[in-house]
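K.L.:
Prediction below, plus the sequence it came from.
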Amino acid sequence: MIWRFGLFDHTFEPLALTHWALLAALGLPLLLGLLAVVFPLKRAWPIVLASVPVLASGLVLLFAYDQAGLLRWQWEIAGVHLSLRLNGLSVLLLLMTQVIGVAAALYTPGYLRLSETGSLARWLWPLMGVVLSALSLIWLATDLLTLYAALELMGLAAVGMLMLSGKVPALVAGMRYLLLALVGSLTYLLGVALILGHWGRLDLQGLADVIEPGPVAWFAAALIGAGLALKAALFPLHAWLTPVHESAWTPVSALHAALVIKASLFMLLQLWSILLPDTFYAPRVIAWLGMLAIVWGGLLAWRTDSLKTLVASSTVAQLGYLMVAFPLLLGPDIAPLPRALAWEGFWLQLMGHAFAKAAMFMAAGNLILATGESTLKGLAGTSRRLSLSLLVFGIASITLMGLPPSAGFTAKWMLLQAMIITEQWWAVAALLTGTLLTAAYVFRMFRYSFDETAPRHRYQPLAPGMDLIALTLALIAFALGLLAHFPLELMHGGSP
Amino acid sequence: MMTLLLALSLLWPLGVAGVVIWQTSSTPSARREYFSVLWLSAAWPALLLAYGGEAQWTMDAWMLGGEWALNSLSRPWLAFTALLWSLAAFHARGYFAAEQAKAQDGDQDAERRLLRLALLWPLTLLGNVLLIIAQDIASFYLGFALMTFAAYALVVHSGTEEARLGAKAYLILAVVGEGLILGGFLWAAGEANTLTLQGVRESILVAEHGAWMAALLCLGFGVKAGVIGLHVWLPLAHPVAPAPASAVLSGAMIKAGLLGWISVLPLGHEQVSEPLARFGNYMLIAGLAAAFGAALYGVFQRHPKAVLAYSSISQMGMMTALVAMGLVAPEVWPLLWPGLVLFAAHHALAKGSLFMGTSISEHLPRWPLPLVWALLALPGISLAGAIGAGLISKWSVKSPLYEMHHESLITLLSWAAVGTAALVSVALWRQWQQRHQGGSNREQWGAWLVAIAAALLTPLWLPLPAGSIEIPPLKEWLGIMWPFPVGVMFAMVGWLLTQPLKGKSLPAGDLWWLYAGIVGAVLVPLRWVGHCCIQIKATSVATAQKTEAMLMGHLTRLLSTESWLRHHTSGLMMILAVLLAALLMWEGQR
Amino acid sequence: MIASFDTIEAVLALCLTVSALVCLFDRHLVRACCFFVAFAVVMTLAWWQLGAPWLVVTELLLGVVLTGLCFFYALGHLLPGASSPLKRDTFNEPWSRAAIRLLLALAWFVMIGAAILYVIVDMAYSPSEHPLLLAGVVIAASAIGAFALHRHLLRRLLAFNLLGSGVFMLLAGVAGTSPPAQALISVGLLVAWLGSMLGALLIRQLLHLEGIEALGHDGESKEGAT
């Protein structure tokens, strides 16, 4: 299992251009964010200009991987080993981060102009830069120290971003998130301490070689698992998530729900596949919680009155799908075929959800911005005036529901196949229930929007492109399902 | 040449209908002629076709494979049908002249009505022609359905309360009939895997349930042919329809039902099965019952057209009985059928001229009244069998029956002719009572006179097989002619006897009112059941809503646990860590 | 020599534990913060004792000075003229919550202790000879228990800082003062300071906007309204 993360393959020396691309991918977002504090942004075109080198760096890395296969960087600074690796999966996740990050950045100027945001708005840019840089680092890093530092950096910046709106509910929710995230990382750090104390090293390659099942590995896995589950908003530790999104700015919500929580999940899977390659029960506990998450998140989203809570609760349910795949990825005696299917389904679901959720938050944000109301009832009559935003919402929900031909469908299809091969009927039932609940809450939202009894006459016009950006993201989620062949090819990287 | 004529006879009415539509958009209503020469000519190609000789066509491209033919049966049929349609069209031009003038003056209602009539008249004709020449099921059914539904416009034309009732009765029964016909056709065609009428005949002959198929089809066509029990639309629709429409309804279209029977029943076939023969007997009885019942009921009608409608039912009853003979006594059929066709053709023209006559008596021309009534009476007398073509047609059906020794049937038919005579005299009497001055125009009486002539001289122009019709020998004349004076006498005696009733009469449409009553009675418990269902639905909806509200309440309370989860997130994290550690240790120590 | 070292360490461990417990469970907030500063000073000494000069500097700068300043800023003692409404924690917890948290803290104590025992087998130190490690376990377990127990945001922030220190102590105890461990602890200290600063800013802002009640919002009280 761990070989899939590309820790063992032999590598060639990366080309000089690749070094620069790596530097750009990791440093440019941060640098550009800092620049934006100095030169406040009013228009979208500087962002278009700035996004070119960022995306170019991602593409260069993609080509480098395509040409040379796995790439690895290692440094030793004052006796501390730092290492990065670039395999197909990390390239994919990096590109996903950059695309969603660029989309969120492009969406931001219009959003800030239309909603009176106050003086704190300019600090959004560096925080966004930090989040994107830290995320890129997390996808690449292969030692526990870098991972810890990047995770902390990302977490703190995310808290900062979420609280920029400055309203009391946002502050209360943000404070809760801050404390829980910090405690979560300390729990993670405790686990790392055990690993460091017992095996004396932090690099994942070395650890994967030396770690054997034993009490230390188990305690470390339990601590790391609990800490990261808290940060990834896995059920039942998800409750901080919805209030955080309730009053945050739209592009921030989009980034957070699409990417930030996924980073913790990524780390959790990576570390557990080193620490617990052959345990039976722990992945199942996660899967059972995942089934509950699917139902609970679906019910929450179904009964809520607020549009943003609906979207945020749907994140809880969608994370449940990823949790349900745990026993297919980790554990003894899993046949290669279901394991490969589950692996591909897991990452495709993660990426599909990231794009769809970002699009959905943007669409929801557009609706709220245009109507000035954040409740579902406030949507009455939007079907005629804001049909594009609703269309984006609909396309995104197709991915979330898992209807063909979206990425959600392909991913769930693979997961279902793996579950049926391994005869995990409860998981199948949960998956199908989740689809029904998703349909229920999506159609509930649409029912409100087609209500013509309370026609509104004044709508805040949206900035040009706000709907188009969301539409692009939703269509990417679609395209991932239609052209799943390409990302799946990349995910294969590495050999056992 | 024949093919060209065939194509023309079918396309011409269609083209006429198209021209009517085109005219509405191109000509201003003040100068619009609804009944132009072109419109009058709709039936002419078909008439020509009938005299073109026998022919056969097979068209694979047409629907399920078209098979059309002009044979010894369909030729005379097409001839009298087309002739009647042409004459009725002429008559219509005169009949609607006043209404057209009104429409040209800007009466939008009249305009709409005339347009509807002018458009659907050629379509009805088209259906009628198509069904006569069709030999495959699909074409036949298409023609029949087209004729049936297009004729609705002819019945409902005036738009009065009575017209709508008549049209409603017509439509309800027509739909029932179409359903029966379709069912019968599908059954028979499916059973024998055939697409032609010939196949249907064979299928009915050999199939196990042939009698039932025959019953379905006969009842279906019986709606049109006015078989007893299904005849109720005739006396309701005829009085309200315009005279030319009545003429074609009673003359041509009613015969389509008869043709339907002849087309689908294995008449005159040697190996008629037992049930089929029994079915023939039922049909015979039904026919005779219609012949007498309609006469008895009809004489008490006030409206001359209602009387004539009952006369049609009575006449059709006789023809039903004759058709039934084809099943009961197959050996008589080869001799009988030319007589039957002559009978039908003569009845068509005679009834057509009688109906046209009603419009003459309502708009009397400035002729001496005795002359007019003599002319009015002529087709009636002929219909009763006393003179002209009636005499010959009576003989042509009687002589085969004589030969095969069915004397009792002959006697019954003669007594039915008494009924006919009585009905005709009552009709004339009613016309006399309800006569109006007011100048009918040239087309009106011209078409009428031609129709009278054609009715009296039917055997001369009808293209029947040579030698199949002969003039009765003189000694038989009395035997054929006696019903007429007897009938007139009966009518007069009856009139004298009913004098104390002071002009009260039975309602037209007899059984319709019974049916309506039955349906109304059936609807009462149905309404009650419906009411109960509504109540049950309301209760169940209320219960479901209450349950839903309760469930949602529970769900909302359950979901408020979310805030508990939020409050205890850190504690839950501690529990999760301890749980995972314990679980892993337990599993590892095992 | 060893015995004297042990004595010093034992005294340090005792000081750490006592100051941590007072800091965690004293409802008087100013006193709790003072004890936190004292705790941080003792931590500095402990790092010195463990022979990690780099960490001494970091702890002194980040732990004592900057984090301490953050807390006093949050209390309102730093800005002249600012009223200081934060005196005592007035939020009361039901006893069942406290009991469950106590049980959980004990469970964590057992868990961490067991884990350390498994690690310590091939370590140069041993718990009996190294009371600092024991103190770390106690501090970490009680701090996370207190974190889960308290509702007052400032006290949760304090508990988080103490938990961090406990974890660093454990880290140093099990991994020694190797470069990776020092790097991890330095990053951790930096993060803790950043988090404390952010938390302190938030607390001030909430006080400014909503008053004292806002600091206890976590959970039941006003959740339904938002």
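P.N.:
Happy to help now that I have it. Residues are numbered from 1 along each chain as shown, chains lettered A, B, ... in the order given.
K.L.:
which of the residues in the longest helix seen in chain A are buried?
P.N.:
Ordering each helix of chain A by length in residues (DSSP state H) puts helix A:336-371 first. For helix A:336-371, a neighbour-count test (16 or more other CB atoms under 10 Å in any protein chain shown) marks A:338-371 as buried. Every C-beta, even on glycine, is put in place using the N, C-alpha and C of the backbone.
K.L.:
ditto for stretch A:324-334
P.N.:
Across stretch A:324-334, burial judged by 16+ other CB under 10 Å covers A:324, A:325, A:326, A:327, A:328, A:329, A:330, A:331, A:334.
K.L.:
Tell me if that stretch is near chain B.
P.N.:
No - using CB under 8 Å from any CB of the partner chain, we find that stretch A:324-334 stays clear of chain B, coming within 10.7 Å at best.
K.L.:
For that stretch, what is the distance to the chain centroid?
P.N.:
On the basis of CA atoms, centre = their mean, to the nearest Å, stretch A:324-334 sits 21 Å off its chain's mean C-alpha point.
K.L.:
Enumerate every residue touching residue B:105.
P.N.:
residue B:30 (CB atoms under 8 Å, 6 or more residues apart in numbering or on different chains).
K.L.:
Return the per-residue confidence for it.
P.N.:
Looking at residue B:105, its pLDDT stands at 87.
K.L.:
how far away is it from chain A?
P.N.:
According to CB to the nearest CB, to the nearest Å, residue B:105 stands 47 Å off from chain A.
K.L.:
and what of residue B:35?
P.N.:
In this structure, residue B:35 and chain A are 51 Å apart, going by CB to the nearest CB.
K.L.:
Confirm that residue sits in a strand?
P.N.:
No - when classified by DSSP: H, G, I helix; E, B strand; the rest coil, residue B:35 is found to be coil rather than part of a strand.
K.L.:
Show me the helices in chain C, by range?
P.N.:
Taking DSSP H to define them, one finds helices in chain C at C:2-25, C:29-50, C:53-58, C:68-75, C:95-120, C:131-149, C:153-175, C:179-210, C:220-223.
K.L.:
tally of neighbours for residue C:210?
P.N.:
Residue C:210 sits with 15 neighbouring residues when counted by other CB atoms under 10 Å in any protein chain shown.
K.L.:
these two touch, right, it and residue A:167?
P.N.:
No - look at residue C:210 against residue A:167 with CB atoms under 8 Å: they stay out of range, at 10.5 Å.
K.L.:
list the contacts for residue 371?
P.N.:
Picking chain A for this. Contacts for residue A:371 (CB under 8 Å, 6+ apart) come out as A:378, A:379, A:382, A:386, A:456, A:459, A:460.
K.L.:
Pipe the residues you listed into CSV and attach pLDDT per row.
P.N.:
Formatted as CSV, the entries for the contacts of residue A:371 read as follows, by pLDDT from 0 to 100:
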residue, pLDDT
A:378, 82
A:379, 82
A:382, 79
A:386, 83
A:456, 62
A:459, 79
A:460, 81
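K.L.:
Take those and keep only those in strands.
P.N.:
When DSSP state E is applied, the contacts of residue A:371 are split such that none fall in strands.
K.L.:
Output the buried residues of stretch A:324-334 as a markdown table; include the columns pLDDT.
P.N.:
As requested, the buried residues of stretch A:324-334 are arranged in a markdown table below (pLDDT from 0 to 100):
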| residue | pLDDT |
| --- | --- |
| A:324 | 92 |
| A:325 | 90 |
| A:326 | 91 |
| A:327 | 91 |
| A:328 | 90 |
| A:329 | 90 |
| A:330 | 88 |
| A:331 | 83 |
| A:334 | 84 |
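K.L.:
Please report how far the nearest residue to residue A:33 once chain neighbours are set aside lies from chain C.
P.N.:
Sequence neighbours aside, residue A:129 is the residue nearest to residue A:33 in space, at 2.2 Å (criterion: CB to CB, 6 or more residues apart in numbering or on different chains). The gap separating residue A:129 from chain C is 16 Å, by CB to the nearest CB.
K.L.:
Starting from residue A:249, give me the distance back to residue A:129.
P.N.:
Residue A:129 is 16 Å from residue A:249, where distance means CB to CB, to the nearest Å.
K.L.:
Kindly report the same for residue B:378.
P.N.:
Distance from residue B:378 to residue A:249, counting by CB to CB: 100 Å.
K.L.:
Neighbour count: those two, which is higher?
P.N.:
In this comparison of residue B:378 against residue A:249, neighbours counted by other CB under 10 Å, the higher total goes to residue A:249 at 23 against 20.
K.L.:
for the helix or strand harbouring residue B:246, the distance to its chain's centre please.
P.N.:
If you go by DSSP states H and E, residue B:246 is part of helix B:243-248. A distance of 13 Å separates the centroid of the chain from that of helix B:243-248, by CA atoms, centre = their mean.
K.L.:
hmm, who's touching that helix?
P.N.:
Contacts with helix B:243-248, where a contact means CB under 8 Å, 6+ apart, come from B:84-85, B:87-89, B:91-92, B:95, B:117, B:124, B:151, B:154-155, B:157, B:238, B:305, B:308, B:351-353, B:355-356, B:358-359, B:451.
K.L.:
Report all helices and strands that the lowest-mean-pLDDT helix or strand in chain A contacts.
P.N.:
Least confident helix or strand, chain A: helix A:382-385 with a mean of 78, by mean pLDDT, DSSP states H and E. Using 3 or more CB pairs under 8 Å, 6 or more residues apart in numbering or on different chains; DSSP states H and E as the contact definition, the elements that helix A:382-385 packs against are helix A:336-371, helix A:387-401.
K.L.:
Tabulate the CA atom coordinates of that helix in PDB.
P.N.:
This file holds the C-alpha atoms of helix A:382-385, laid out as PDB (Å, rounded to 0.1, in the frame of the first residue of the first chain):
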ATOM      1  CA  THR A 382     -34.300  33.100  -8.100                       C
ATOM      2  CA  SER A 383     -34.900  30.500 -10.800                       C
ATOM      3  CA  ARG A 384     -35.800  33.200 -13.300                       C
ATOM      4  CA  ARG A 385     -33.300  35.900 -12.400                       C
END
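K.L.:
Mind pulling the model confidence for the closest residue to residue B:55 other than its chain neighbours?
P.N.:
Leaving aside its sequence neighbours, residue B:55 sits nearest to residue B:2 (CB to CB, 6+ apart; 4.4 Å). Here the pLDDT value assigned to residue B:2 is 83.
K.L.:
now residue A:483
P.N.:
The model reports residue A:483 with a pLDDT of 86.
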